[in-house]
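Trainee: Got a sequence here, can you model it:
(one chain, ligands or ions: 1)
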Amino acid sequence: MLQAVGGTPLLPLRHIERRGAPVWVKCEHLNPGGSIKDRIAVSIVEDARRRGQLQPGATLVEATAGNTGIGLAMVAAVYGYRLVCVMPEKMSVDKRTTLASMGARVIVTPNAPPSDPENFQNVARRMAAEHGWLLTDQFQNPANIAAHEHGTGPEIVEQTQGRVAAFVAGAGTGGTITGVGRCFRSQGVAARVVLADPEGSALAHWARTGQLGDDGSYAVEGIGASVAPANLDRTVIDEAVTVDDARTFAVARRLIREEGLLVGGSAGTAVAAALQVAERIGGDDPVVAVLPDAMDRYRSQPWLQPTL
Ligand code: PMP
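Mentor: This is a model prediction of the structure:
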C-alpha cells in the first residue's frame, strides 16, 4: 500500500474550453487513500519511526480536514498504530464516516478560530499532551513539505521535462505549494507559483502583502485559512488568485462530468485559477494544477447532488 502512494498521472485537460497555455492536472485523487495527503501520511510516519518516536501500538493524533486522517489511517493500519482525528464540524460527514470505518476515533469540534481553545488544532495538541500521543502535526511538521519537495515536485519536473509555465495549488497546511515551489527553485524550473485561494480565506491577501486579509466563510474544504500555517512559505508564491465557491464547484462538476476526473471541490478552485493564469500568460508550456482529492468524500455535500 505504501508503495502505491505517489507516481500519479499528469494529464492535459481536453474538453473544458480554455484560451492561452495548455492546462495539465496532477491527479492526486488517484492515490490509494484518495488524496494528496497519502504522501504526507507516509512521509510523517516514516520520519517519526526513523526518530524512534513510535513504539509498537502507539497512538497518533492529528487535526485534519479529513484527507490527512484517511492517509494516516491507511499507514496506521499497515504499521499497527491507533489513530485519533480531530475535525472541524464543517468537514463533510462522508470523511467522518470513512475515518470511522477505517477504525479511527473521530472527534468533531466547532468551526472555531485558532484563538479559541476549541479550535481543532488546539484540541489535537491538548489531547496529544494529555495522553502522550504523537501529534503528527501536518501544519508544522517539515516532513509534510519534504513529501512534496522530494515527491510531488520532482514527479512534475520529470513529467514536463522541466517546462512548466505555472504551478497552481491551494493551501491548507501549505505543504504542497511550499514543497513543490522549493523543488522548482532548487532545480532551476522557472515556473510561476500561484496560490489558488477561496474567497473568504485570509491567505491570498497575506501572500500578496504579508498582512492577513479579512476572514470569512466558504464551503470548499481543505484549503484557505484565517491565519498562515507554519508550513506555508510566502517566499515561494509569485501570485495569489481568489476563487469564489460558485466558480469552484462549477469547475469541479465540469472536471467530473466532462473530463472524467472524479475530484473534490478544491480541485475546482485550483483549475479555475489555472484557467485564468493560462489565458493571461499564453505560450506552449503547460500550467499545472493540482487535483488534491476524490469526489467520493463529498457525496453528501450540496454541490455534488445530482438532479434526479
Ligand atoms: N485540498 C484538500 C481537499 C485538502 O484536504 C488539502 C489539505 N488540507 C488541500 C487541498 C491543501 O493541501 P496542503 O495542506 O498541502 O496545502
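
Trainee: can you list the weak-confidence ranges in the stretch 51-200 of the chain?
Mentor: Within the stretch 51-200 of the chain, no range satisfies pLDDT under 70.

Trainee: how about the helices in it?
Mentor: Taking DSSP state H, counting those that start in this stretch as the criterion, the stretch 51-200 of the chain carries its helices at 67-79, 93-101, 120-131, 142-147, 153-160, 175-187.

Trainee: can I get those in CSV with distance to residue 271 and mean neighbour count?
Mentor: The way it works is simple: take the backbone N, C-alpha and C, and place the C-beta from them, glycine included. Shown next, in CSV, are the helices of the stretch 51-200 of the chain (distance: least, C-beta to C-beta, whole Å; neighbours: other C-beta atoms under 10 Å):
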stretch, distance to residue 271, mean neighbour count
helix 67-79, 18, 24
helix 93-101, 21, 18
helix 120-131, 27, 18
helix 142-147, 22, 24
helix 153-160, 16, 18
helix 175-187, 15, 24
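
Trainee: can you list the ones you listed in CSV and add distance to the ligand?
Mentor: Formatted as CSV, the helices of the stretch 51-200 of the chain follow (distance: least, C-beta to the nearest ligand atom, whole Å):
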stretch, distance to the ligand
helix 67-79, 4
helix 93-101, 9
helix 120-131, 12
helix 142-147, 7
helix 153-160, 12
helix 175-187, 3
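
Trainee: of all those, which lies closest to residue 51?
Mentor: Among the helices of the stretch 51-200 of the chain, the nearest to residue 51 by C-beta to C-beta is helix 142-147 (9.9 Å).

Trainee: Just give me how far the closest one sits from the chain centre.
Mentor: A distance of 13 Å separates the centroid of the chain from that of helix 142-147, by C-alpha atoms, centre = their mean, to the nearest Å.

Trainee: what does stretch 148-166 give?
Mentor: 17 Å.

Trainee: For residue 170, see how far away the residue nearest to residue 14 when sequence neighbours are not counted is.
Mentor: When the adjacent residues along the chain are set aside, residue 14 lies closest to residue 259, with 6.7 Å between them (C-beta to C-beta, 6 or more residues apart in numbering). Distance, residue 259 to residue 170, using C-beta to C-beta, to the nearest Å: 19 Å.

Trainee: Show me which of those two is the more surrounded one.
Mentor: residue 170 (29 against 18; other C-beta atoms under 10 Å).

Trainee: Check the gap between that one and residue 14 for me.
Mentor: Distance from residue 170 to residue 14, by C-beta to C-beta: 23 Å.

Trainee: contacting residues around the residue of the stretch 51-200 of the chain found nearest the ligand?
Mentor: Residue of the stretch 51-200 of the chain nearest the ligand, by C-beta to the nearest ligand atom: residue 172 (2.6 Å). Under the criterion of C-beta atoms under 8 Å, 6 or more residues apart in numbering, the neighbours of residue 172 are 65, 222-225, 229.

Trainee: Ok, residue 242 next?
Mentor: Neighbours of residue 242 in contact, by C-beta under 8 Å, 6+ apart: 197-199, 201, 204.

Trainee: and if you look at residue 6?
Mentor: Residue 6 neighbours (C-beta under 8 Å, 6+ apart): 31, 38-39, 151-152, 155.

Trainee: So which of those is surrounded by the most neighbours?
Mentor: Counting neighbours by other C-beta under 10 Å, the one among the contacts of residue 6 with the most is residue 38, which has 28 neighbours.

Trainee: could you say which helix or strand contains that residue?
Mentor: Take DSSP states H and E as the rule and residue 38 turns out to sit in helix 37-50.

Trainee: and the longest helix along the chain, how far out from the chain's middle?
Mentor: Secondary structure of the chain per DSSP state H: the longest helix is helix 265-281. For helix 265-281, the separation from the chain centroid amounts to 15 Å (computed by C-alpha atoms, centre = their mean).

Trainee: now the helix or strand following it and helix 265-281, what's the angle there?
Mentor: Later in the chain than helix 265-281, the nearest helix or strand by DSSP H and E is strand 287-291. Counting by axes from the mean of the first three to the mean of the last three C-alpha atoms, to 10 degrees, strand 287-291 points 170 degrees away from the direction of helix 265-281.

Trainee: Give the partner strands of strand 287-291 in its sheet and their orientations.
Mentor: strand 23-27 (parallel), strand 166-169 (parallel) (DSSP bridges).

Trainee: With that, I have no additional questions.
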